[in-house]
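J.: Everything below, folded, please.
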Amino acid sequence: MNVAMWLKALRVIPRINKDEWMRLDVISRWLISTRAAVLIMTFISAAIAGLLAARAGMFDGGRWILLVIGLIFAHATNNLLNDLTDYTRGVDRDNYFRTQYGPQPLEQGLMTRRELLAYAGITGAIALAAGIALVLQTGWLTLALLAAGAFFVLFYTWPLKYIGLGELTVLLVWGPLMIAGGYYVITGQWDWNVVIASLPYGLGPTTVIFGKHIDKLAEDRRKRIFTLPVILGEKGARVGAMLMMALMYLSVIYLVVTGYFSPVMLVVLLALPTLFKILPVFRAPKPESAPANAPMGIQQGWPLWFVSFAFYHNRAFGMWFLLGLLAELVLRLVL
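T.: From the prediction side, this is the model:
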């Protein structure tokens, strides 16, 4: 066991060579190949669903645990299939962006196709088992949600990402599907107010994928991968990402004004200093190389640029959002 590597892989996407890979245990390999550092976004969506269910007085711990397992392993499966699809289509050849910021297991010879398929099969089976357990407890709507999730897992990389629908997919998945759908499988009740309440956080992972696609816009255009930033152009995509970040806060304010959230949810405004730090980054084109005064984490993650700043902002917003929901829940219990 290599606990130090487990913890590192949960924080960043480690750069690693073949010799180092061969010395790793299977859990470390799984964490690196699934890009486990980004799975925190999925956990936050599941946590929001759980807190909204508890807020409504209908929390079920067993169902929530199944939800967390199902969503995280589904996301991990998607990442594995993403690498398999891009490798098969030749997208990651010739020092493509994906192989520069972290190991692409197939392109860099760390795993065989058969090994990656085994990882994806086992990971996907765990996600499916959790989903089936929830379907048996809650019925046909959960089956429909499971089918929608499976569709996005299988077809996000191709064709959805290729036709400008990848970013919309992320918004739908990390917002309504994970949070409102998660709320339903926990409580057994569908609530359109929860769909609306899912959007502030759902916009966060969307800004992250926007940042990633801006970072590799030139390469994607050359390879005819028509992500939304390729369609909008770099400047338009940067403006779009900033508008979505602003909407994250404005939508929380709207939900407070309309009475769905209490004023305590305005605690998310404490993430604004992080936003104000990264907005100047999005106002300017991507530099040719990592600036010497950039934070060490940004320099080490190069050529990731916009995506790194968007990820840091989303993490800050998500944590304050969770804290606000938790404070709301405590206040409801004591008052």
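J.: from here on, contacts and neighbour counts on C-alpha atoms
T.: Noted.
J.: Centroid-nearest residue for this protein?
T.: residue 41 (4.3 Å; C-alpha atoms, centre = their mean).
J.: For it, which non-adjacent residue is closest in space?
T.: The spatial neighbour of residue 41 that comes closest, neighbours along the chain excluded (C-alpha to C-alpha, 6 or more residues apart in numbering), is residue 205 at 6.9 Å.
J.: which residues of the chain fall in strands?
T.: Applying DSSP state E to the chain gives no strands.
J.: Low-confidence bits of it, can you list those?
T.: For the chain, the stretches with pLDDT under 70 are 92, 94-101, 296-297, 299-300.
J.: mind redoing it with 80?
T.: 1, 91-102, 290, 292-303, 335 (pLDDT under 80).
J.: what sits up against stretch 256-267?
T.: Stretch 256-267 has contacts (C-alpha atoms under 8 Å, 6 or more residues apart in numbering) with 193, 252, 253, 255, 320, 321, 323, 324, 325, 327, 328.
J.: can you do 6 Å?
T.: Where contact means C-alpha atoms under 6 Å, 6 or more residues apart in numbering, the residues beyond stretch 256-267 that reach it are 255, 324.
J.: Report the buried residues of that stretch.
T.: For stretch 256-267, the neighbour count (16 or more other C-alpha atoms under 10 Å) marks 256, 261, 262, 265, 266, 267 as buried.
J.: So which of these sit within helices?
T.: residue 256 (DSSP state H).
J.: can I get the buried residues of stretch 256-267 in TSV with distance to residue 333?
T.: Conversion of the buried residues of stretch 256-267 to TSV gives the following (distance: C-alpha to C-alpha, whole Å):
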residue	distance to residue 333
256	19
261	15
262	14
265	16
266	19
267	19
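J.: CA atoms only: put stretch 15-24 into CSV for me.
T.: What follows is stretch 15-24 as a C-alpha-only set of coordinates in CSV (Å, rounded to 0.1, in the frame of the first residue of the first chain):
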residue,chain,number,x,y,z
ARG,A,15,3.0,13.0,-13.4
ILE,A,16,4.4,9.5,-13.4
ASN,A,17,6.6,7.4,-15.7
LYS,A,18,6.5,3.7,-16.5
ASP,A,19,9.0,2.5,-13.9
GLU,A,20,7.2,4.5,-11.1
TRP,A,21,3.8,3.1,-12.4
MET,A,22,5.0,-0.5,-12.2
ARG,A,23,5.9,-0.1,-8.5
LEU,A,24,2.5,1.3,-7.6
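J.: burial count for residue 44?
T.: 21 (other C-alpha atoms under 10 Å).
J.: so what's it closest to, chain neighbours aside?
T.: residue 318 (6.7 Å).
J.: ok, the one you found to residue 43 distance?
T.: Residue 318 sits 10 Å away from residue 43, going by C-alpha to C-alpha, to the nearest Å.
J.: who's more crowded, those two?
T.: For residue 318 versus residue 43, the count of surrounding residues by other C-alpha under 10 Å is larger for residue 318: 24 against 18.
J.: Name the nearest residue to residue 320, ignoring sequence neighbours.
T.: The shortest distance from residue 320 to any residue other than its chain neighbours is 5.0 Å, reached at residue 268 (C-alpha to C-alpha, 6+ apart).
J.: Tell me the spacing between that neighbour and residue 174.
T.: Per C-alpha to C-alpha, residue 268 is found 18 Å from residue 174.
J.: neighbour count winner among these two?
T.: Set residue 268 next to residue 174 and count neighbours by other C-alpha under 10 Å: residue 174 wins out with 26 against 21.
J.: quick one: contacts for the more buried one?
T.: Counting by C-alpha under 6 Å, 6+ apart, residue 174 has contacts residue 202.
J.: How many neighbouring residues does residue 108 have?
T.: The number of residues packed around residue 108, counting by other C-alpha under 10 Å, is 15.
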